[in-house]
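K.L.:
mind folding the following:
(one chain, ligands or ions: 1)
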Amino acid sequence: MFEVLPQLPADPILGLSAAFKADPNPLKIDLGVGVYKDENGQTPIVTAIAKAQKILLETETSKTYIPAQGVQGYIDGLTELLLGKANPAVLENRVAAVQAPGGCGALRILSELIKRCNAETTVWVSDPTWANHIPLIGNAGLKIETYPYFDKDQASIRFDAMVESLENVKSGDVVLLHGCCHNPTGADLTKEQWQVVLKLAQKTGFIPFIDVAYLGFGDSLEDDAYGTRLLVNNLPEVIIAASCSKNFGLYRERVGLALMVTQNSTTRNAIQTQIQSIARAIYSMPPSYGGALVDIVLNNAELRAEWISEVDMMRNRMQDLRALLVSKLKEYGAKRDFDFVNRQKGMFSYLCITPEQVRAMRDKHSVYFVESSRVNIAGISLKNVDSLAKSLVSVL
Ligand code: LMR
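P.N.:
As a prediction, the model looks like this:
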């Protein structure tokens, strides 16, 4: 039976790692998959997480199943990070949540939930959006449409066009928004623009579905939650998928959260059973380990403070690398103004160059990044920035 299925092309993001590994050029540069790297190109274990691992090793006494919703201290801790202390939705028991295997697991559970509510729902995603949003949502059987988001020629958000498009979204349709550090463009909505999105949701009745995978990598843990909190505090229903891959450096442990803010506690209780039954039918229950580590970090004052300063350090380093790249491009004679890279936020920058130029970077200079022109800023280092800037100038 298996012969009927063809071989598929490599994943547009994950496939880059394999291509990079296979390249024998010692000066190759990897700006592909979104993982934080230090100056030596390593992705170290976040210190607070390394300490939490020791604590867990000493204190864990059983490997029996955890509750179906996941580690409760993790769910509560991450919910508070996202929604703020004493959020009314939490106090009024209007928040349903399950720990999920990564942000992807959360996106998928929530897409399945939307389908259970109404299989005809259309999910509107930004153009462009993270490549994996499309299969995660589409394979759940939902229809996908796009709204304009980013203008590659102007290197800025097409906010007027976005508003015009969202004005025509039907009540009950779902609009996927990036909570912060938009992937792939790094172009984030301003606070004023979030206010406009809120008004649009109130007017049209669409339901926001917020993907928060880079909290703390934009401006700060608090500032990056602005849009999420604004919508949660002013709308009856909000869907949130969160990930701890990046800010806790827990990539391979797959730690995410699927969260629903509902209108009242009766609906919340029903939705809680629904999301648990969706998870049960796919993978039964989440792995405990990563959630248990985040629980320890968030609920230990010392480790929490240490973690916050590590997030600050990662963010500041990425901002410095942006500035460095922009100045090196100027130094090596780029005719185009790349200052927009400094205004983008988080781990990614959209260089706004053509797919041919991206391919030339790979084929001629062994620099690997996504064909859309998305680069992982954390892959830049003091060692490679000169050669990176020279290569870019040469393909422009
Ligand atoms: C990325 O966007 O590079 C990361 O989120 C990794 C992935 O799964 O695509």
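K.L.:
now name the helix or strand holding the closest residue to Trp124 other than its chain neighbours.
P.N.:
In space, and not counting its chain neighbours, Trp124 is closest to Val175: 4.6 Å by CB to CB, 6 or more residues apart in numbering. Where C-beta positions appear, they are placed from N, C-alpha and C, glycine not excepted. Val175 is part of strand 174-178, with elements assigned from DSSP states H and E.
K.L.:
before we move on, the earlier item: contacting residues for the residue nearest to Trp124?
P.N.:
Counting by CB atoms under 8 Å, 6 or more residues apart in numbering, Val175 makes contact with Val123, Trp124, Tyr147, Leu166, Val169, Ala201, Phe206, Ile207, Pro208, Phe209.
K.L.:
for the residue of the stretch 201-350 of the chain found nearest the ligand, what are its contacts?
P.N.:
Of all residues in the stretch 201-350 of the chain, the one sitting closest to the ligand is Ala213 (6.5 Å; CB to the nearest ligand atom). Taking CB under 8 Å, 6+ apart, we find Ala213 in contact with Gly103, His178, Gly179, Cys181, Asn183, Ala242, Ser243, Ser245, Lys246.
K.L.:
repeat that for Met285.
P.N.:
Going by CB under 8 Å, 6+ apart, Met285 touches Tyr65, Ile66, Pro67, Ala68, Gly70, Ala279.
K.L.:
nearest to Arg108 among these?
P.N.:
Using CB to CB, Ala279 comes nearest to Arg108 of the contacts of Met285, at 9.5 Å.
K.L.:
now the residue in the stretch 151-300 of the chain that the ligand sits nearest to: phi and psi?
P.N.:
Per CB to the nearest ligand atom, Asn183 is where the stretch 151-300 of the chain lies closest to the ligand, at 5.3 Å. When quoted as degrees, to the nearest 10, the phi and psi of Asn183 stand at phi -110, psi 110.
K.L.:
now it, nearest residue through space, not along the chain?
P.N.:
Nearest non-adjacent residue to Asn183, counting by CB to CB, 6+ apart: Trp130, 4.4 Å away.
K.L.:
sec struct for that neighbour, please.
P.N.:
coil (DSSP: H, G, I helix; E, B strand; the rest coil).
K.L.:
same question, Glu145
P.N.:
Under three-state DSSP, Glu145 falls in the strand class.
K.L.:
with Ile210 instead?
P.N.:
Relying on three-state DSSP, one would call Ile210 strand.
K.L.:
show me the contacts for it.
P.N.:
Leu176, Leu177, His178, Gly179, Gly227, Thr228, Leu231, Val238, Ile239, Ile240, Ala241.
K.L.:
could you dump those residues to TSV with neighbour count and distance to the ligand?
P.N.:
Formatted as TSV, the contacts of Ile210 follow (neighbours: other CB atoms under 10 Å; distance: CB to the nearest ligand atom, whole Å):
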residue	neighbour count	distance to the ligand
Leu176	23	15
Leu177	27	16
His178	25	11
Gly179	27	14
Gly227	25	19
Thr228	26	18
Leu231	23	22
Val238	25	22
Ile239	24	19
Ile240	27	17
Ala241	28	12
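K.L.:
could you export these as CSV, including pLDDT?
P.N.:
Compiled in CSV, the contacts of Ile210 are given as follows (pLDDT from 0 to 100):
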residue, pLDDT
Leu176, 98
Leu177, 98
His178, 98
Gly179, 98
Gly227, 98
Thr228, 98
Leu231, 98
Val238, 98
Ile239, 98
Ile240, 99
Ala241, 98
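K.L.:
quick check: of those residues, which lies closest to Leu392?
P.N.:
Out of these, the member with the shortest distance to Leu392 (by CB to CB) is His178, at 25.5 Å.
K.L.:
pretty sure the closest one contacts Ser126?
P.N.:
Yes: with contact defined as CB atoms under 8 Å, His178 and Ser126 form a contacting pair (7.1 Å).
K.L.:
which stretches in the stretch 151-300 of the chain count as helices?
P.N.:
Using DSSP state H, counting those that start in this stretch, the helices of the stretch 151-300 of the chain run over residues 159-166, 191-204, 226-234, 265-282, 289-298.
K.L.:
closest one to Ala97 among those?
P.N.:
Of those, nearest to Ala97 by CB to CB is helix 265-282, at 7.8 Å.
K.L.:
for the record, mean pLDDT for that closest one?
P.N.:
Mean pLDDT, helix 265-282: 98.
K.L.:
now do the SS call for the residue in the chain positioned nearest to the ligand.
P.N.:
Minimum separation of the chain from the ligand (CB to the nearest ligand atom) falls at Gly34, amounting to 3.1 Å. Classification of Gly34 using three-state DSSP returns coil.
K.L.:
burial measure for it, as a count.
P.N.:
25 (other CB atoms under 10 Å).
K.L.:
residues of this structure that sit close to the ligand?
P.N.:
Ile13, Val33, Gly34, Trp130, Asn132, Asn183 (CB under 6 Å from any ligand atom).
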